[in-house]
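Engineer: everything below, folded, please.
(one chain, ligands or ions: 1)
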Amino acid sequence: MSNAAQRKLITGGLSKPSKMPGYAYNLPAIHCKTGSKLAQVPGTTCHGCYALKGRYRFPNVMDAMMRRLRSIHRPDWARTMAADINARRSRWFRWHDSGDIQSVKHLLKIFQVCRLTPDVAHWLPTREAGLLSKIPQDRVPSNLTIRLSATKVDGPAPGSWPLTSTVVTTGRSCPAPDQGNACHDCRACWDRNIKNVAQGTSPHFLSLIPITAQSFTYGCFIIIFSISIEDIFSPPDIIISLDLSLILIYPSSCITAKSPV
Ligand code: SF4
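Structural biologist: Got it, this is the predicted structure:
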């Protein structure tokens, strides 16, 4: 693929969350197979999904995510995604800060992208246990960490996949809330030696309770910033203004801590 503009036409573009170590990619959460159902159920990690409201409902945001969703069916999607990721020259990539795997075929295409980007570490959070069950674990590329997310807040880690993430009201292992809601040097989510990453229901999570497999695996500020930045805003300086606008959009009561984390 010859240039960035042509690649973006095919893939819909990547995003650059300001507080993550690399680039990311998102799909519409309304098309999460499992997450869209869990979002209706209180007590689940998808309930109150931030990606089903607010900025995510803006027509241009929806259009961009729907364009990405349609593009995954293209025969040139995997190699174009790989070319785009390689062109960014970043060591880290996060799949689906909104949205989730759509099918086994989609997952296998992601595997192809990972194999074509051998110098990049990929992290793919998902709630699609059923789709993962159809994939032999030894088929997962060595540079891809798939974490199956827990269904309930304070619930157990899923037992059907070796690497998981949970959401807890106390005892989180994710240090992001202590360091400006940023990863900084932490790469636990990408680290296959870490069996489970426990995300906290920190103040940052409360107003925009993360949803979908992916959402709770990161601070919502980070996720919100990452959404379709290339399509909606003019990166990179808009990232700072998003920090400010979030405070305006969500009243202070929404970011009051409920838990001690
Ligand atoms: S555990 Fe938290 S800080 Fe560490 S990589 Fe995951 S999201 Fe980032």
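
Engineer: in the sheet, who's paired with L148?
Structural biologist: T126, T164 (DSSP bridges).

Engineer: now do it against the ligand, distance only.
Structural biologist: 15 Å (Cβ to the nearest ligand atom, to the nearest Å). C-beta coordinates here come from the backbone N, C-alpha and C atoms, glycine included.

Engineer: doesn't T164 make contact with that residue?
Structural biologist: Yes - the pair formed by L148 and T164 meets the contact definition of Cβ atoms under 8 Å, at 5.2 Å.

Engineer: for the protein, what lies in contact range of the ligand?
Structural biologist: Within the chain, the positions near the ligand by Cβ under 6 Å from any ligand atom are C174, P175, A176, C183, C186, R187, A188, C189, V197, Y218.

Engineer: narrow those residues to just the buried residues.
Structural biologist: C174, A176, C183, C186, A188, C189, V197, Y218 (16 or more other Cβ atoms under 10 Å).

Engineer: got phi/psi on the nearest residue to the fourth one once chain neighbours are set aside?
Structural biologist: It refers to C186. Excluding the flanking residues, the one nearest C186 by Cβ to Cβ, 6 or more residues apart in numbering is P175, at 5.5 Å. Dihedral pair for P175: phi -90, psi 0, per degrees, to the nearest 10.

Engineer: relative to N60, how far out is P175?
Structural biologist: P175 is 34 Å from N60, where distance means Cβ to Cβ, to the nearest Å.

Engineer: go on, A24?
Structural biologist: Distance, A24 to N60, by Cβ to Cβ: 18 Å.

Engineer: please say which of these two ends up with more neighbours.
Structural biologist: Applying other Cβ atoms under 10 Å to A24 and N60 shows that A24 carries more neighbours, namely 25 against 12.
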